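In: make a model of this:
(one chain, ligands or ions: 2)
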Amino acid sequence: MQIDIPDGQLFYYESWLEYEKAWSIFAALQHEIDWEEGQVFIFGRWHSIPRLQAWYGEPGLAYTYSGKQLLAKPWTPALHSIKRKLETCGYDFNSVLLNLYRDGSDKMGWHRDNERELGHQPVIASISLGAEREFQLRHKGSDQRVSLHLTHGSLLIMAGETQANWYHQLPQRKRCKAPRINLTFRSIITP
Ligand SMILES: O=C(O)CCC(=O)C(=O)O
Ligand SMILES: [Fe+2]
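Out: Ligands and ions are numbered 1, 2, ... in the order given. Modelled structure (predicted):
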């Protein structure tokens, strides 16, 4: 169903993956994915980002993240099955960024996924598994806020002008003790 926001397009599907199926994918990804402690260079020093991360996709695909070039690792069986399910819904992607939030202390700050290599009006499919966490959006011009609770097995599509006009973040929730995996499927435009 569409979530009405100005200057952007959001679609949210709770239980896009059936409950048990979503847990089996969660378990598979915990094992199958080569989770890395990402580093970012801020104010002249390297810092660990507050979550684990991984980048998968078509062989040879490169992506720049915080000034670092990442090479996509090849699709795993669990990732491939989700990619195929997205295709049956009419969405075609060549890569996925995975984030593992080990507990409620892990987070992601305000940002837009507006890198040049995602192209104009990028479509991003965000799948959530495990702990339910709050996802916030903030309009760049008006400061209007939208809050969503991304449930286990849900799919959020961000499209149209969303990345141009809205920041989003996953705030810390210290009381949450359970892990969450988020997958954002994206299409990198290759030259
Ligand atoms: O974990 C989430 O729900 C958001 C992830 C995100 O914004 C990203 O990977 O760019
Ligand atoms: Fe994002």
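
In: buried residues in stretch 176-191?
Out: Residues of stretch 176-191 classed as buried by neighbour count (16 or more other Cβ atoms under 10 Å): 176, 179, 180, 181, 182, 183, 184, 185, 186, 187, 188. For the C-beta atoms, the positions are set from N, CA and C on the backbone; glycine is no exception.

In: ok, it near ligand 1 or not?
Out: Yes. Counting by Cβ under 6 Å from any ligand atom, ligand 1 has neighbours in stretch 176-191: 182, 184.

In: using PDB, list the CA coordinates for that stretch.
Out: The C-alpha coordinates for stretch 176-191 follow below in PDB (Å, rounded to 0.1, in the frame of the first residue of the first chain):
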ATOM      1  CA  CYS A 176      16.000  -3.400  21.900                       C
ATOM      2  CA  LYS A 177      18.200  -6.400  22.600                       C
ATOM      3  CA  ALA A 178      17.500  -8.400  19.500                       C
ATOM      4  CA  PRO A 179      19.200  -8.300  16.100                       C
ATOM      5  CA  ARG A 180      17.800  -7.000  12.900                       C
ATOM      6  CA  ILE A 181      18.900  -7.500   9.300                       C
ATOM      7  CA  ASN A 182      18.000  -5.000   6.600                       C
ATOM      8  CA  LEU A 183      18.600  -5.500   2.900                       C
ATOM      9  CA  THR A 184      18.400  -2.600   0.500                       C
ATOM     10  CA  PHE A 185      18.200  -3.800  -3.100                       C
ATOM     11  CA  ARG A 186      19.500  -1.200  -5.500                       C
ATOM     12  CA  SER A 187      20.500  -0.800  -9.200                       C
ATOM     13  CA  ILE A 188      23.900   0.600  -9.800                       C
ATOM     14  CA  ILE A 189      24.200   2.200 -13.200                       C
ATOM     15  CA  THR A 190      27.200   0.700 -15.000                       C
ATOM     16  CA  PRO A 191      29.000   2.900 -17.500                       C
END
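
In: what average pLDDT does that stretch get?
Out: Stretch 176-191 comes out with an average pLDDT of 94.

In: return the subset of the buried residues of stretch 176-191 lying in strands.
Out: Using DSSP state E, the subset of these located in strands is 180, 181, 182, 183, 184, 185, 186.

In: closest to ligand 1 out of those residues?
Out: residue 182 (3.3 Å; Cβ to the nearest ligand atom).
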